[in-house]
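In: A predicted structure for the sequence below; I have some questions about it.
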Amino acid sequence: MTDRQVRNLLVPAALLASSLALAADPITKPLPPGKNLIPNGDFEQGEVTPKGWQSIDGLSSFWVQDEDPRHGKVLKFDTDVLQSQGYVWWKKIRAGASPKDAPKKEPTQEPKYDTLAGLDGVWFWSDPVPVEPGKSYWLSLDVKGPEIMVWLVGYENKPDTSFGADEGAFIEYVRDSSLPKPAAQKRGHSPFLHNYDWKGQLKAGGPNEWKTYSRREKPFSPTANTPNVRWVRVLLYPYWPPGIYYVDNVRLVEYKPY
């Protein structure tokens with residue numbers, strides 16, 4: 001078996017799942033007008049971590065000043081982090097640790113299938129916002145760096161927003177306090193708990209420069225086939241390849257044809 005065949009067998013589950021997402025081309029027209037339903041979608045508000053979003057961890061997710069002054073504060077992600085180190089630190093963040101006390105990143109080695117890039121990805125959730133029956137919405141965001149997956153996830157009831165609450169493999173680790181290290185995860189495991197009622201996705205990013213992306217030809221309609229949905233959250237999900245990703249200006253506006 002060739003090295004290429006081996007790599008294809010070991011390709012991260014997150015990367016395989018991304019093939020189901022709808023690609024988003026960079027926007028060349030003005031963004032649709034309307035009120036942004038995502039609080040602090042530009043990430044300018046907050047103290048240690050952005051207001052209206054889950055906490056950064058200081059190891060794989062960061063809140064930084066971008067080198068481009070037009071962007072100001074942005075999210076930075078590093079997926080080249082060992083899953084074993086990530087789980088140990090995430091458990092402490094979930095228990096109330098400050099991202100300012102994050103440990104120094106441990107070295108990783110090729111082929112890096114034991115990193116967050118190769119296993120869980122780095123998940124980052126917005127707080128839930130209400131949506132109305134029968135309405136559709138545009139989701140757009142700015143991305144710099146490799147391609148990421150972006151989800152709009154819908155719920156009937158307001159979801160739990162505690163750190164890692166939707167991450168199945170991580171929650172299993174948290175619940176088993178006897179484990180000295182994360183339980184071994186096989187490729188193909190599903191990293192997320194399926195406690196949602198609806199989801200829609202797109203892919204964004206690629207070039208190492210800021211571009212704005214949106215699924216312009218197909219807005220999201222959370223209640224079209226799931227009329228019970230009343231809340232949505234945005235999930236930013238950088239994964240493979242291991243590396244640095246940036247996100248800014250996440251916008252969700254009501255769709256009005258124009």
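Out: Thanks, I have it. Numbers count the residues shown, from 1 in each chain.
In: could you pull out the strands for the protein?
Out: Using DSSP state E, the strands of the chain run over 22-23, 61-65, 73-78, 124-125, 129-130, 137-144, 148-155, 198-204, 211-214, 231-237, 244-254.
In: would you turn those strands into TSV with distance to residue 90 and mean neighbour count?
Out: (Each C-beta comes from the backbone N, C-alpha and C, glycine too.) Shown next, in TSV, are those (distance: least, Cβ to Cβ, whole Å; neighbours: other Cβ atoms under 10 Å):
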stretch	distance to residue 90	mean neighbour count
strand 22-23	29	12
strand 61-65	10	18
strand 73-78	14	22
strand 124-125	12	22
strand 129-130	24	12
strand 137-144	23	24
strand 148-155	19	23
strand 198-204	22	21
strand 211-214	28	20
strand 231-237	15	24
strand 244-254	18	21
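In: Can you get me the start-to-end distance on stretch 145-161?
Out: End-to-end span of stretch 145-161 (Cα to Cα, to the nearest Å): 27 Å.
In: Lowest mean pLDDT across the strands of the chain, which one is that?
Out: When the strands of the chain are compared by mean pLDDT, strand 22-23 comes last with a mean of 56.
In: check contacts around residue 127.
Out: By Cβ atoms under 8 Å, 6 or more residues apart in numbering, residue 127 lies in contact with 39, 52-53, 161, 233.
In: which one of those sits closest to residue 224?
Out: Distance to residue 224 across those (Cβ to Cβ) is lowest for residue 233, with 18.0 Å.
In: Next one: that closest one from residue 220, what distance?
Out: Using Cβ to Cβ, to the nearest Å, residue 233 is found at 12 Å from residue 220.
In: Pull up the overlap in contacts between these two.
Out: With contacts defined as Cβ under 8 Å, 6+ apart, the residues shared by residue 233 and residue 220 are residue 152.
In: Now do the contacts for the residue lying closest to residue 236 once chain neighbours are set aside.
Out: Distances taken as Cβ to Cβ, 6 or more residues apart in numbering place residue 124 nearest to residue 236, at 4.4 Å, with adjacent residues excluded. By Cβ under 8 Å, 6+ apart, the contact set of residue 124 is 53-54, 56, 61, 75, 77, 235-237, 247.
In: For residue 39, see how far away residue 124 is.
Out: Counting by Cβ to Cβ, the gap from residue 124 to residue 39 is 15 Å.
In: Likewise for residue 200?
Out: From residue 200 to residue 39 the distance is 20 Å (Cβ to Cβ).
In: try residue 132
Out: Look at residue 132 and residue 39: by Cβ to Cβ, they are 17 Å apart.
In: what's the closest of the contacts of residue 124 to residue 156?
Out: residue 235 (17.4 Å).
In: pLDDT-wise, which helix or strand of the chain ranks last?
Out: Counting by mean pLDDT, DSSP states H and E, the chain has its least confident helix or strand at helix 3-9, which shows a mean of 32.
In: Between the contacts of residue 124, which sits nearest residue 204?
Out: Of the contacts of residue 124, the one sitting nearest to residue 204 (Cβ to Cβ) turns out to be residue 247, at 8.6 Å.
In: Mind listing the residues bridging to the spatially closest residue to that closest one that is not a sequence neighbour?
Out: Nearest non-adjacent residue to residue 247, counting by Cβ to Cβ, 6+ apart: residue 75, 4.6 Å away. On the basis of DSSP bridges, residue 75 is bridged to residue 63, residue 247.
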